[in-house]
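Chemist: Could you look at this predicted model? Sequence included:
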Amino acid sequence: MNKNWNSKEFKIGVLGGGQLGRMLIQEAINLNLHIHIMDPDQNAPCASIAQTFTCAAITDFDAVMEFGKDKNLITVEIENVNIEALEMLEKSGVQVYPQPHVLKIIKDKGTQKQFYKKNGIPTSPFVIFDSAQELMNASIELPAVQKLRTGGYDGKGVQILKDAKSSFDAPHLIENLIDFEKEISIIVARNDKGQISTFPSVECEFNPEAHLVEFLFSPAEISQEIENKAKEIAADLIEKIDMVGILAVEMFLTKSGDILVNEIAPRPHNSGHHTIECCETSQFAQHLRAILSLPLGSTALIQPGAMINLLGEKGHTGTAIYGGLSDLLDHDNVFPHLYGKEQTKPFRKMGHVTITGKTLKEVKETAEKIKDIIQITA
């Protein structure tokens, strides 16, 4: 266990200062942890609440090295970071979780899929291409899913490909279009002692235009057998990738009852935000426990819950105006989380709302009532 981990001399650095870092800091305060943030946006959500804030590019080798040289431990809230700098810092004695070898695998969707195949992790069939021309010369079954190997985030760099002429002209992969029954997610954590803990399943519904999670609820409406199988896959995956920290495992449940891993994220994740109100330990607290070599907390569900992402309205770019917030607060068992982003734009994640209740039916009924109350305009 790290000594003096809750003293100000123990510096935890986080690359990325968005909403995930903000909620991580909110949990860190409970343990008197000292979080130092680096982000290229001087108005990032973490800028005003971090112990210190460094405005610099998290993809820049020299900037990451300079930021990390006096830190005891570094973690990330986004995968697009300078991994070479993290490798150097790790060699110099700085603890880095998730480890650089994990970030290397996950940062590249092609490498990620190859890892699944090599390690017996169930996933959809795929083919890797280097360019649009290479794809044009290949024989593939359309429609299919096309994903950029690197740089995609929050639905960007992903498309349903119906014609090879409209493909991305960059290294990418083509996956079979899965006729799935549900999209589910399992959040799993592992500490450096090998202790593993999974959260209850989450069922996701996506905005078809923005390719973002619009609504989720937990527990997912699946059988106990499917729940156990999904948790086993997530635990097997985090162990095989030898990762310390928290890992979101997004999966497809097919109509034939198979579970296929879609993508993974080595950090707190949008599909785990409800854990703040709904579980005995939130995903943010669990991540901190894991990277600090502390015992993992109970993930038991206190109550069913749903989460609605608050997205910027189409056609609005500028200083954010939150319409309907007071009306939202007039409802019981509804918990808004605003991310402190001053500027809105179409489909930008500006916050989320968690809804709790005694039953999933009650939660869904409340979610249906309040889902359109807040309008984020400019």
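Modeler: In hand now; what should we look at? Just so it is clear, the model here is predicted, and its values are computed rather than measured.
Chemist: Residue 30: neighbour count?
Modeler: 10 (other CB atoms under 10 Å). (Glycine included, C-beta is placed from N, CA and C.)
Chemist: how near is it to residue 297?
Modeler: 12 Å (CB to CB, to the nearest Å).
Chemist: Would you point out which residue is most central in this protein?
Modeler: residue 269 (2.6 Å; CA atoms, centre = their mean).
Chemist: show me the contacts for residue 95.
Modeler: Applying CB atoms under 8 Å, 6 or more residues apart in numbering, we find residue 95 in contact with 2, 72, 73, 74, 291.
Chemist: per-residue confidence for it?
Modeler: Looking at residue 95, its pLDDT is 97.
Chemist: Over to residue 136?
Modeler: Per-residue pLDDT puts residue 136 at 85.
Chemist: just the one 10 residues further on next, same as before
Modeler: According to the prediction, residue 146 has pLDDT 92.
Chemist: Residue 209 now?
Modeler: For residue 209, pLDDT reads 66.
Chemist: can you offset everything so residue one is 8?
Modeler: Okay, residue one is now 8; in that scheme the one you just asked about reads as residue 216.
Chemist: Now list whatever residues contact both of residue 37 and residue 304.
Modeler: Residues touching both residue 37 and residue 304 by CB under 8 Å, 6+ apart: residue 292.
Chemist: Outline the domain layout of this structure.
Modeler: 18-103, 132-183, 187-384 (automatic domain parsing).
Chemist: got JSON lines for the ones you listed, with distance to residue 110 too?
Modeler: Output for the domains of the chain, formatted as JSON lines (distance: least, CB to CB, whole Å):
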{"stretch": "domain 18-103", "distance to residue 110": "5"}
{"stretch": "domain 132-183", "distance to residue 110": "12"}
{"stretch": "domain 187-384", "distance to residue 110": "7"}
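Chemist: Which of these comes out lowest on mean pLDDT?
Modeler: domain 132-183 (a mean of 87).
Chemist: Pull out the buried positions in stretch 232-252.
Modeler: For stretch 232-252, the neighbour count (16 or more other CB atoms under 10 Å) marks 233-234, 236-238, 240-245, 248, 250-252 as buried.
Chemist: now swap in stretch 77-89 and tell me
Modeler: 78, 79, 80, 81, 82, 83, 84, 85, 86, 87, 88, 89.
Chemist: Tell me if I'm right that residue 351 and residue 382 touch.
Modeler: No: using CB atoms under 8 Å, residue 351 is not in contact with residue 382; the gap is 10.5 Å.
Chemist: Mutual contacts of the two, please.
Modeler: residue 320.
Chemist: Among these two, which residue is more densely surrounded?
Modeler: residue 351 (22 against 14).
Chemist: Could you check how far the more buried one is from residue 26?
Modeler: From residue 351 to residue 26 the distance is 13 Å (CB to CB).
Chemist: Would you list the phi and psi of the residue lying farthest from the centre of the chain?
Modeler: For the chain, the residue at maximal distance from the C-alpha centroid (CA atoms, centre = their mean) is residue 144, at 35.0 Å. Backbone torsions for residue 144, taken as degrees, to the nearest 10, come to phi -90, psi 0.
Chemist: go on, residue 66?
Modeler: According to degrees, to the nearest 10, residue 66 has phi -100, psi 0.
Chemist: same deal with the one 4 residues further on?
Modeler: The phi and psi torsions at residue 70 (degrees, to the nearest 10) take the values phi -70, psi -40.
Chemist: likewise residue 30?
Modeler: Dihedral angles of residue 30 (phi, psi; degrees, to the nearest 10) stand at phi -70, psi -30.
Chemist: how many neighbours does the closest residue to it other than its chain neighbours have?
Modeler: In this structure, residue 30 finds its nearest non-sequential neighbour in residue 291, 5.1 Å apart by CB to CB, 6 or more residues apart in numbering. Number of residues near residue 291 (other CB under 10 Å) recorded here: 24.
Chemist: What residues sit buried inside the strand or helix carrying residue 291?
Modeler: In the assignment (DSSP states H and E), residue 291 maps to helix 290-298. In terms of neighbour count (16+ other CB under 10 Å), helix 290-298 has its buried residues at 290, 291, 292, 293, 294, 295, 296, 297, 298.
Chemist: Can you name the residues that contact the closest residue to residue 366 other than its chain neighbours?
Modeler: Leaving aside its sequence neighbours, residue 366 sits nearest to residue 311 (CB to CB, 6+ apart; 6.3 Å). By CB under 8 Å, 6+ apart, the residues touching residue 311 are 224, 225, 226, 285, 363, 364, 365, 366, 367, 369, 370.
Chemist: The first one bridge partners, please.
Modeler: This points to residue 224. In this entry, residue 224 is beta-bridged to residue 210, residue 313, by DSSP bridges.
Chemist: Tell me, how many residues neighbour it?
Modeler: Quick note: residue 224 (other CB under 10 Å) scores 23 neighbours.
Chemist: ok, now the second one?
Modeler: One way to gauge burial is a neighbour count; for residue 225, by other CB under 10 Å, it gives 27.
Chemist: got a list of what it touches?
Modeler: Neighbours of residue 225 in contact, by CB under 8 Å, 6+ apart: 206, 207, 208, 209, 210, 281, 285, 308, 311, 312, 313.
Chemist: possible to save those as CSV with distance to residue 120?
Modeler: Listed next are the contacts of residue 225 as CSV, based on distance: CB to CB, whole Å:
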residue, distance to residue 120
206, 24
207, 27
208, 23
209, 22
210, 24
281, 28
285, 31
308, 31
311, 33
312, 31
313, 31
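Chemist: hmm, back to that, leaving aside the residues next to it on the chain, what's closest to the residue nearest to the centre of the chain?
Modeler: residue 255 (3.3 Å).
Chemist: Relative to residue 148, how far out is that neighbour?
Modeler: With CB to CB as the criterion, residue 255 and residue 148 are 29 Å apart.
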